[in-house]
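J.: 3D model of this:
(one chain, ligands or ions: 1)
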Amino acid sequence: EKEHKGDFHIEEAMEWPVLDLKLGQVSGLALDPEDNLVVFHRGDRVWDENSFDSKFVYQQRGLGPIEQNTILVLNPSNAKLLHSTGKSLFYLPHGLSVDKNGNYWVTDVALHQVFKLGANDKEPLLILGVALQPGSDKNHFCQPTDVAVDPITGSIYVSDGYCNSRIIQFSPNGLYVMQWGEETSPGRSRPGQFCIPHSLALIPDLSQLCVADRENARIQCFRLETGEFTREIKHTAFGRELFAVSYVPGGLLFAVNGMPYPGEAESVQGFVMNFSTGEIIDTFMPLRKSFEMPHDIVASEDGRVFVGDVHAKAVWKFVSAEKMEHRSV
Ligand SMILES: O=C(N[C@@H](O)C(=O)O)c1ccccc1
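T.: Here you go, the predicted model:
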């Protein structure tokens, strides 16, 4: 008698025109309330080794803000451009999230600021941080990487950043509430220590915030109300760097890691994990082009997964395919 074993498996959606998308460095992805894909990209601007001085001050402000629209809203089935905004505002786009009212929340690592933009407004509704001034107090970030908004309380969480090691909570109208985190002590990384808190996944039903702790190649999760450490998810398959994390209601956690260092075994790929056990249930990589620096990942409840890559300047789409394994017993 044949035994059917349903397997969770995702694969690249070949109808998605990955080769035709004319994008700059893709730094952030999100899904809006209509499940459209929102892309945050850098147009013709790049982040390279000349972008900052040793004090993390942006060196290319003479170029002015990026003239192209940096926020693109795409049809999630065929990538058709539905809407675009965010021109002449940003220097180095980084993180992106969309709140339940359709507002765009972004970070800019050159400006060291966090912005709230209405879907159709030109002027930002809220700005946190002081333009071009890195720092580490209640109103100065240092290359902030991501921002997430609690749909229940409206609280704002900022992962700060490449040159800080903290998560900061602000009230819905942008007042500093509290922060947690510290830099990783040499030799070993303890709970609550970060080495580039790089991406946030807010889990409202469990009242938790998970952080891609990039250079510690791990995910750390915390209580939203208190910042108390709840758990770590780490696998050797992550390799040296874990760039981004995304949670889908129903209990799946998605992540992408970084390119292996020369001679190291762990390949650059996407991961699907069972949130409650932390176990990896699937891994994936594209068939067309290859991951170079997969930088953000976003997943929807109906099993669509998008990955954006800063070096490949690409966005791939993956879909969950029920792969029925037929085994004879
Ligand atoms: O990590 C880097 N970049 C990416 O995260 C990114 O957001 O582009 C980077 C590191 C060193 C020099 C230049 C860029």
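J.: How about the residues of the stretch 51-200 of the chain by the ligand?
T.: Applying Cβ under 6 Å from any ligand atom, we find that the stretch 51-200 of the chain lies next to the ligand at His94. The way it works is simple: take the backbone N, C-alpha and C, and place the C-beta from them, glycine included.
J.: low pLDDT regions in the stretch 51-200 of the chain?
T.: Along the stretch 51-200 of the chain, segments meeting pLDDT under 70 are nowhere present.
J.: Residue of it closest to the ligand, please.
T.: His94 (5.7 Å; Cβ to the nearest ligand atom).
J.: what's the burial count for that residue?
T.: 30 (other Cβ atoms under 10 Å).
J.: if I read this right, it contacts Thr107, doesn't it?
T.: Yes. Under the criterion of Cβ atoms under 8 Å, His94 makes contact with Thr107 at 4.7 Å.
J.: who touches both of those two?
T.: 144-146 (Cβ atoms under 8 Å, 6 or more residues apart in numbering).
J.: For those residues, give me TSV that also has secondary structure.
T.: Converted to TSV, these look like this (DSSP: H, G, I helix; E, B strand; the rest coil):
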residue	secondary structure
Pro144	strand
Thr145	strand
Asp146	strand
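J.: would you list those in CSV and tack on neighbour count?
T.: Below are the shared contacts of His94 and Thr107 laid out as CSV (neighbours: other Cβ atoms under 10 Å):
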residue, neighbour count
Pro144, 29
Thr145, 27
Asp146, 30
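J.: Between those residues, which sits nearest Arg240?
T.: Taking Cβ to Cβ as the measure, Arg240 lies nearest Thr145 of the shared contacts of His94 and Thr107, at 17.5 Å.
J.: who touches the closest one in this structure?
T.: 94-95, 107, 109, 159-162, 196-199.
J.: for Lys317, same thing?
T.: Contacts of Lys317 (Cβ under 8 Å, 6+ apart): 12-13, 16, 18, 76, 79, 304-306.
J.: Ile152 touches Pro204, doesn't it?
T.: Yes. Applying Cβ under 8 Å as the test, Ile152 and Pro204 come out as touching, 5.5 Å apart.
J.: quick check, Asp205 in a helix?
T.: Yes. Read with three-state DSSP, Asp205 is one of the residues of a helix.
J.: unless I'm mixing things up, it is touching Pro249, no?
T.: Yes. Asp205 is in contact with Pro249 according to Cβ under 8 Å; the separation is 6.4 Å.
J.: quick one: contacts for the residue lying closest to Phe284 once chain neighbours are set aside?
T.: Using Cβ to Cβ, 6 or more residues apart in numbering and skipping the chain neighbours, the partner closest in space to Phe284 is Gly270 (4.5 Å). Shown in contact with Gly270 (Cβ under 8 Å, 6+ apart): 10, 254-256, 283-285, 291, 294, 297, 305, 307, 318.
J.: Bridged to Gly270, which residues?
T.: Here Gly270 sits in beta bridges with Val256, Phe284, going by DSSP bridges.
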